[in-house]
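Undergrad: Sequence plus predicted model, see below.
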Amino acid sequence: MENAISASTLCGAFQATVAERGDAVALRTKGDATRITWREYGERVRRCAAGLAAHGVRSGDTVAILMVNRPEFNIVDTAAMHLGAAPFSVYVTSTAEQIRYLLTDAGARLAFTQQALLPLLRAAAVGTKVETIVVVDAEVEGTKSLAQLEAAGRPDFDFDATWKAVSPESLLTIIYTSGTTGAPKGVELTHANMMCELRALQAVRKVEPAGRAISYLPHAHVADRTGAHYFQMVLGGTVTSCPDPRQLFEHVIEVRPTEFTGVPRVWEKLKAGLEAKFAGESPEKRAMIKGALDAALAKVRAEQAGQPVPAPLAEGVARAEAMMFAPLRTAIGLDQARSFFTGAAPTPRDVLEFFHAIGIPIAEVWGMSELSCVATAMPLGQTRIGTVGTALPGVELKIAEDGEVIVRGPIVMRGYRNQPEQTRETVDRDGWLRTGDVGELDAEGYLKI
């Protein structure tokens, strides 16, 4: 992992991991229906990059991707970035009109999709610069298949020289914001942005290398790209693709992830499901569960308040851990996870306390696409419920006079695509990015939004 995390680009990180983890599984689907090793992943990326180059994709170009979570995403996205191109993802729930805006703004001439979404992409591509559509799971007239693309590379294409020419300042991807106020804005992130983000996150959270992650959030969201795609290039982990978020916990039970990120709604639904299960037990069992939870919650609240935990309480919780909480984590598939994250929206305090009580210490993080995903995180083992942690190493964070949180550092985006005025309004001359969030810092630097 050391060679990968010290690389200056994601291309360098990926190639280091391919060299070190060749026989380990990199990409898979549930039940091992698809199973791709790092060596195979590297070879597919090489062939796909050659095919893209043969179709005119060059450094500085953009490539659109419209598909659900599946291993082909990782392959084509990684291949494009090895050319110095910037792949970007589109929400599969978008309308043709919404997609057309993104294709036009990005200026993409080539797009990837899957057969089920091809009619939507074709409708969206009318009137744009898109010349070539690649369908990753079928052969369809008027399009290229992924196999055809991978076979189209020229013999004289120098893959190694091409990816080594990608610089830290090269554009890595474009993350389109939701556009709740006006049209979506394309957040441009560079290789340097993301490598700084990953190094800082690893310094704080010490995520287990060669672990197991699940890709289930949309690829168009910076959280999935960062945690289940780019970070795994550094960690050498195994990514299991979950194409339907409704199947998430089926995947969790099978995969037993070593790290797990859930938006607040995921944790709220899991808590409700567990409480419904508890309610279905016998009166005696319900009383035992309530006693164990009450004791564990009392311990969590004492620890969070900086108060000593009475020995009898600690002993009672230890017994509950062995008899109830550890088996419960095994039953839901989270028994082997060491890091638990949540973000994107506030998580209710009672939800956080509940999971801390049963041995799932969720750490709230805070950030935004414009900050390469995360700008604050909880130091490992030092979670403070009600805060989003402290600024990542190398990141400056302060509260402006009006209470707005502003951030400066190497994770700040390059800018909004084709919107210099919007960029200047968001990032000042000194490099401070206005987040739009109001917050406060405590004496130890923990941020509360």
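TA: That came through, no problem. Residues are numbered from 1 along each chain as shown.

Undergrad: Tell me which helix or strand comes right after whichever helix or strand Gly291 is part of.
TA: Assessed by DSSP states H and E, Gly291 sits inside helix 283-304. Downstream of helix 283-304, the first helix or strand assigned by DSSP H and E is helix 311-320.

Undergrad: Give the buried residues for that next one.
TA: The neighbour-count check on helix 311-320 (16 or more other C-beta atoms under 10 Å) flags 316-317, 320 as buried. All C-beta atoms are positioned from the backbone trio N, CA, C, and that covers glycine.

Undergrad: same question, stretch 360-380
TA: Neighbour-count burial for stretch 360-380, counted by 16+ other C-beta under 10 Å, picks out 360-379.

Undergrad: First residue to last residue on it, what's the distance there?
TA: End-to-end distance for stretch 360-380, by C-alpha to C-alpha, to the nearest Å: 13 Å.

Undergrad: now do stretch 227-236
TA: Taking C-alpha to C-alpha as the measure, stretch 227-236 stretches 12 Å from start to finish.

Undergrad: And stretch 430-444, by the same measure?
TA: Using C-alpha to C-alpha, the end-to-end distance of stretch 430-444 comes to 25 Å.

Undergrad: can you give me the strands in the stretch 251-400 of the chain?
TA: 259-261, 339-342, 363-364, 366-368, 373-377, 390-391, 396-399 (DSSP state E, counting those that start in this stretch).

Undergrad: what does the fourth one contact?
TA: The list of residues contacting strand 366-368 from outside it, by C-beta atoms under 8 Å, 6 or more residues apart in numbering, reads 222, 343, 373-376, 388-389, 435, 437, 447, 449.

Undergrad: before we move on, what about the second one?
TA: Strand 339-342 is contacted by residues 205, 207-208, 227, 258-264, 266-267, 334, 355, 360-365, 380 when judged by C-beta under 8 Å, 6+ apart.

Undergrad: again, but for the longest one
TA: Contacts of strand 373-377 with the rest of the structure, by C-beta under 8 Å, 6+ apart, involve 197, 201, 204-205, 222-223, 225-227, 343, 363, 365-368, 388-392, 395, 397, 407, 409, 411, 447.

Undergrad: State the distance from the closest residue to Arg417 other than its chain neighbours to Gly60.
TA: Nearest residue to Arg417, sequence neighbours excluded (C-beta to C-beta, 6 or more residues apart in numbering): Gly186, at 3.4 Å. From Gly186 across to Gly60, the span is 14 Å (C-beta to C-beta, to the nearest Å).

Undergrad: When these two are compared, which one has more neighbours?
TA: Between Gly186 and Gly60, counting by other C-beta atoms under 10 Å, Gly186 is the more crowded of the two (23 against 12).

Undergrad: so who does that one touch?
TA: 88, 102, 105-106, 174-176, 416-419.

Undergrad: One more pass at 6 Å, please.
TA: Contacts for Gly186 (C-beta atoms under 6 Å, 6 or more residues apart in numbering) come out as 105, 174, 176, 417.

Undergrad: beta partners for the second one?
TA: The one in question is Ile174. Under DSSP bridges, the beta-bridge partners of Ile174 are Glu188.

Undergrad: Run through the helices of the stretch 101-250 of the chain in chain order.
TA: Taking DSSP state H, counting those that start in this stretch, the helices of the stretch 101-250 of the chain run over residues 118-125, 146-150, 159-164, 191-205, 222-225, 231-235, 248-255.

Undergrad: Of all the ones you listed, which one comes closest to Phe112?
TA: Nearest of those to Phe112, taken as C-beta to C-beta: helix 146-150 at 8.0 Å.

Undergrad: so how far is Pro361 from Ala7?
TA: Distance from Ala7 to Pro361, by C-beta to C-beta: 31 Å.

Undergrad: what's near enough to touch Leu198?
TA: Contact analysis of Leu198 by C-beta under 6 Å, 6+ apart lists 231, 234.

Undergrad: Which pLDDT does the model give it?
TA: Looking at Leu198, its pLDDT stands at 98.

Undergrad: Can I take it that Val405 is in a strand?
TA: Yes. When DSSP: H, G, I helix; E, B strand; the rest coil is applied, Val405 is found to be in a strand.

Undergrad: and it, how many neighbours?
TA: 24.

Undergrad: pretty sure it is touching Asp437, no?
TA: Yes. In this structure, Val405 is within contact of Asp437 by C-beta atoms under 6 Å, at 4.9 Å.

Undergrad: what sits in contact with each of the two?
TA: Contact criterion C-beta under 6 Å, 6+ apart; residues shared by Val405 and Asp437: none found.

Undergrad: Run through who's touching stretch 203-221.
TA: Identification of contacts with stretch 203-221 by C-beta under 6 Å, 6+ apart yields 1, 69, 73, 89-91, 223-224, 228, 232, 235-242, 245, 248, 251, 255, 257-259, 338-339, 377, 379-380, 393.
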